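> How does the following fold in three dimensions:
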Amino acid sequence: MQLRVFGRTGLQLSVLGFGCGAVGGFMVHGDPAEQERTVARAIAAGVNYFDTAVQYGNGESEKNLGRVLQKLKPANVVVGTKVRLPPSEYGRITDAVTMSLEGSLARLGLDRVDIFHLHNPITEAGGGSTLSVRQVLDDVVPAFERLREQGKIRFLGMTAVGDTAALHQVIDARVFDSAQVVYNMLNPSAGEDLAANYPAQDYGRLFDHSGPAGVGIVGIRVLAGGALSGSLERHPIAGPAPEPIGSALSYDADVDRARRLMPLVEEGFAASLTEAATRFALSHPAMGTILVGMATPQQFEDALAAVEKGPLPRAALERLSALRQPFSGEPR
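Numbers count the residues shown, from 1 in each chain. This next block holds a predicted model:
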């Protein structure tokens, strides 16, 4: 398993991380024995980053990951979890952040987590479930720093969703060590310029900001919530089709566009769309580790096999770019 230096943290993370999210559902609803076997298999294969959140199954993902790690007792794994603040807590951010982390540590059975990510979308002015740039920098960051001083977290993280300009401001402030960034074959705008009128959020070459800031990148929505399988079918334990992030405004539209990328498979660049999507996410040098949601142990094996083939070759990336060109001008 290839390791990549993760921003300025000094960590070396496996290019494939282990996503414990609710979209795939494996670490929320999966069989406990299968969870243990698959995590053990991942560790044996060199996976060293495990990503969870209290929101995944209302704490079930954290509990299950904690149970498995206590049983296996692996050395040198890196664990990340998250806090999402409800608007009712915006007046007491320090206390709310602290309470959330304490609950996460208890479920995980840990004294500290390696990376603690803010899970709220970030906008210029805030409002609703979003936090403003000022709330993040003036309230959330000091709360996180206090927890770091107490030895309960090692590194500060953010989820880079919300308004592009706001995300750039927060990353440019150089206070976060990690950012979870949407990057996939339907929306590569964190890493390259989008064509005019392309039907997706333009993240404005966010990697051009994260690199100089020393921010490590966790690739999220690598499979666009499952849409880049090209199938509307979902596994029984997977979550319902998720709200798209950064791409089309509906899951069905994402699936439709994903199917239009099938020439990558038909022309021999990859064995499946999911393989192509997984390898695409590794193709940008800014990427630290990617998360691929899973519902079954086999889906982990598929992700591992894809990663072991390495990034897509230049010819595949050029073909992909050509296949995306007709999307421009379509309604989002």
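> so for the one helix or strand S100 maps to, what's the average pLDDT?
Assigned by DSSP states H and E, S100 belongs to helix 93-108. For helix 93-108, the mean per-residue pLDDT is 98.
> go on, stretch 263-276?
97.
> Buried residues in that stretch, which are they?
264-265, 269-270, 272-276 (16 or more other CB atoms under 10 Å). C-beta: built from backbone N, CA, C; applies to glycine.
> The helix holding S100 - contacts with which helices or strands?
helix 60-72, strand 78-83, strand 113-118, helix 141-149 (3 or more CB pairs under 8 Å, 6 or more residues apart in numbering; DSSP states H and E).
> Next one, pLDDT for the spatially most central residue of the chain please.
For the chain, the residue sitting closest to the mean C-alpha position, by CA atoms, centre = their mean, is I220 at 2.6 Å. Note on I220: pLDDT of 97.
> Nearest residue to it in space, please, no chain neighbours.
Q180 (4.7 Å; CB to CB, 6 or more residues apart in numbering).
> which two of the buried residues of stretch 263-276 lie the greatest distance from each other?
F269 and T274 (13.1 Å; CB to CB).
> State the pLDDT value of the spatially closest residue to K152 that is not a sequence neighbour.
Spatial nearest neighbour of K152, chain neighbours left out: R112 (4.9 Å); criterion: CB to CB, 6+ apart. You'll see R112 listed with a pLDDT of 97.
> quick one on the thing from earlier: to D202, which of the helices and strands packed on helix 93-108 lies closest?
strand 113-118 (22.0 Å).
> CA atoms only for that closest one - export them in CSV, please.
The C-alpha coordinates for strand 113-118 follow below in CSV (Å, rounded to 0.1, in the frame of the first residue of the first chain):
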residue,chain,number,x,y,z
VAL,A,113,-8.4,11.0,18.1
ASP,A,114,-5.8,11.9,15.6
ILE,A,115,-7.9,14.2,13.4
PHE,A,116,-11.1,16.0,14.5
HIS,A,117,-13.0,17.4,11.6
LEU,A,118,-15.7,20.1,11.7
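> other SSEs contacting that strand?
strand 78-83, helix 93-108, helix 141-149, strand 153-159, strand 178-182.
> need these in a markdown table with mean neighbour count and distance to R260, can you?
Compiled in a markdown table, those are given as follows (neighbours: other CB atoms under 10 Å; distance: least, CB to CB, whole Å):
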| stretch | mean neighbour count | distance to R260 |
| --- | --- | --- |
| strand 78-83 | 26 | 33 |
| helix 93-108 | 18 | 40 |
| helix 141-149 | 17 | 41 |
| strand 153-159 | 24 | 28 |
| strand 178-182 | 27 | 20 |
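> need the helices and strands packed on helix 93-108 in a markdown table with distance to E301, can you?
Shown next, in a markdown table, are the helices and strands packed on helix 93-108 (distance: least, CB to CB, whole Å):
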| stretch | distance to E301 |
| --- | --- |
| helix 60-72 | 17 |
| strand 78-83 | 22 |
| strand 113-118 | 26 |
| helix 141-149 | 36 |
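> Q201: which of those is closest?
Nearest to Q201, of the helices and strands packed on helix 93-108 and by CB to CB, is strand 113-118 at 18.7 Å.
> and that closest one, which strands flank it?
strand 78-83 (parallel), strand 153-159 (parallel) (DSSP bridges).
> want to throw those into a markdown table with distance to R146 and mean pLDDT?
What follows is the strands paired with strand 113-118, written out as a markdown table (distance: least, CB to CB, whole Å; pLDDT from 0 to 100):
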| stretch | distance to R146 | mean pLDDT |
| --- | --- | --- |
| strand 78-83 | 13 | 98 |
| strand 153-159 | 10 | 98 |
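> Would you mind giving these as TSV with distance to T38 added?
TSV is the format used below for the strands paired with strand 113-118 (distance: least, CB to CB, whole Å):
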stretch	distance to T38
strand 78-83	16
strand 153-159	24
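> Out of those, which gets nearest to S247?
strand 153-159 (16.0 Å).
> what residues are up against H29?
For H29, the contacting residues are 57, 60, 237, by CB atoms under 8 Å, 6 or more residues apart in numbering.
> okay, now A166: neighbour count?
By other CB atoms under 10 Å, 21 other residues sit near A166.
> before we move on, the earlier item: so who does the residue nearest to I220 touch?
117, 157-160, 218-220, 291.
> how long is stretch 322-332 from one end to the other?
19 Å (CA to CA, to the nearest Å).
> Number the residues from 48 up from this point.
Got it, the first residue is 48 from now on, which makes the last one we talked about stretch 369-379.
> what's that stretch in contact with?
Residues contacting stretch 369-379 (CB under 8 Å, 6+ apart): 232-233, 242-247, 295-296, 300, 304, 307-308, 310-311.
> Can you say which of those are buried?
Judged by 16+ other CB under 10 Å, buried ones among the contacts of stretch 369-379: 232-233, 245-247, 295, 300, 304, 308, 311.
> Arrange the residues you listed in JSON lines, one row each, with distance to A100 as further columns.
Below are those laid out as JSON lines (distance: CB to CB, whole Å):
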{"residue": "M232", "distance to A100": "25"}
{"residue": "L233", "distance to A100": "23"}
{"residue": "Y245", "distance to A100": "30"}
{"residue": "P246", "distance to A100": "28"}
{"residue": "A247", "distance to A100": "24"}
{"residue": "A295", "distance to A100": "24"}
{"residue": "A300", "distance to A100": "26"}
{"residue": "R304", "distance to A100": "28"}
{"residue": "L308", "distance to A100": "29"}
{"residue": "L311", "distance to A100": "31"}
